[in-house]
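>>> The sequence isn't on hand, but the structure is:
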Ligand code: GRF
């Protein structure tokens, strides 16, 4: 079972997935490719250190989003990628990828969706003053953080919580939840019919 991870930044989720694959806690899944739209992103160095192949591109070199996405799809097909895992990939996908990989394309978002979609969900939650937030793993559709939900974990926001302490709590949960959900896919536990998600034989 081969996954491709798309990331634009730090890559802590990428690292957690790679470590899970190396310690055989990713349900037998392997990371076949990192896709990154930012050559200077720290995640590119992490891939080098881990010996994971990377496809790094600059969107500016292409006429349209569709043009670079077609190129990405070619590489995914060459490698027979089973699942696309977005981990801090800061671009909306077009139907070129979304249609072809429907049911095989997931994202992690640092809030309890549908609350606080879009950028800086952690900051949005703190600014609103909610007392409970969390992490969501969901299928990707054409919208921004609107696809069917696969798994969620809640986190209390305690009094005196700072942006830093809350972000740390969120990232800690992400590093556990994302490898767990990917392992469910690798074991064939997750199904999508319409907008309905079924997870079998796993503690959701
Ligand atoms: C994570 O908080 C994820 O939820 C969001 O982007 C961030 C990526 O962090 N989609 P990293 O690059 O994996 O460290």
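Here it is on my side, so go on. Being a predicted model, the structure only gives us computed values, none of them experimental. Numbering: from 1, shown residues only.
>>> how deep is the closest residue to the ligand within the chain tucked in, by neighbour count?
Shortest the chain-to-the ligand distance, computed as CB to the nearest ligand atom: residue-wise this is residue 88, at 2.6 Å. In this view, the C-beta of every residue, glycine as well, is placed from N, C-alpha and C. Under the neighbour criterion other CB atoms under 10 Å, residue 88 is assigned a count of 20.
>>> so what pLDDT did it get?
What the model reports for residue 88 is a pLDDT of 97.
>>> Contacts only, for it.
Listed by CB atoms under 8 Å, 6 or more residues apart in numbering, the contact set of residue 88 reads 7, 8, 9, 10, 11, 13, 43.
>>> Neighbour-wise, give me the winner out of those residues.
When neighbours are counted by other CB under 10 Å, residue 7 leads the contacts of residue 88 with 29 neighbours.
>>> tell me the contacts of the closest residue to residue 123 other than its chain neighbours?
Excluding its sequence neighbours, the residue lying closest to residue 123 (CB to CB, 6 or more residues apart in numbering) is residue 163, at 6.7 Å. The contact partners of residue 163, taken as CB under 8 Å, 6+ apart, are 122, 123, 126.
>>> quick one: what helix or strand has residue 152 in it?
With elements taken from DSSP states H and E, the one containing residue 152 is strand 149-156.
>>> How many residues are close by residue 129?
For residue 129, which is what you asked about, the neighbour count (other CB under 10 Å) is 7.
>>> what's it in contact with, if anything?
Contact criterion CB under 8 Å, 6+ apart gives no residues in contact with residue 129.
>>> how near is it to residue 161?
Distance, residue 129 to residue 161, using CB to CB, to the nearest Å: 11 Å.
>>> same deal with residue 116?
When distance is defined by CB to CB, residue 116 is 15 Å away from residue 161.
>>> When those two are compared, which one has more neighbours?
Set side by side, residue 116 and residue 161 show more neighbours around residue 116, with 23 against 17, by other CB under 10 Å.
>>> My guess is the more buried one contacts residue 133. True?
Yes - the pair residue 116 / residue 133 is scored as a contact, 7.5 Å apart, by CB atoms under 8 Å.
>>> Overlap in contacts, the two.
Between them, residue 116 and residue 133 have residue 125 as joint contacts when contacts are counted by CB under 8 Å, 6+ apart.
>>> Okay, helices next: where are they in this protein?
Taking DSSP state H as the criterion, the chain contains helices spanning 12-22, 42-50, 65-78, 95-100, 121-128, 163-186.
>>> Dig out what residue 36 forms beta bridges with.
With DSSP bridges applied, residue 36 shows beta-bridge pairing to residue 56.
>>> so what's it up against?
Taking CB under 8 Å, 6+ apart, we find residue 36 in contact with 6, 7, 8, 43, 44, 47, 54, 55, 56, 57.
>>> Quick one: which of those is the most crowded by neighbours?
Note: the member of the contacts of residue 36 with the most neighbours is residue 7, at 29 neighbours, neighbours being other CB under 10 Å.
>>> Hmm, that residue is touching residue 16, no?
No - the pair formed by residue 7 and residue 16 falls short of the contact definition of CB under 8 Å, at 11.6 Å.
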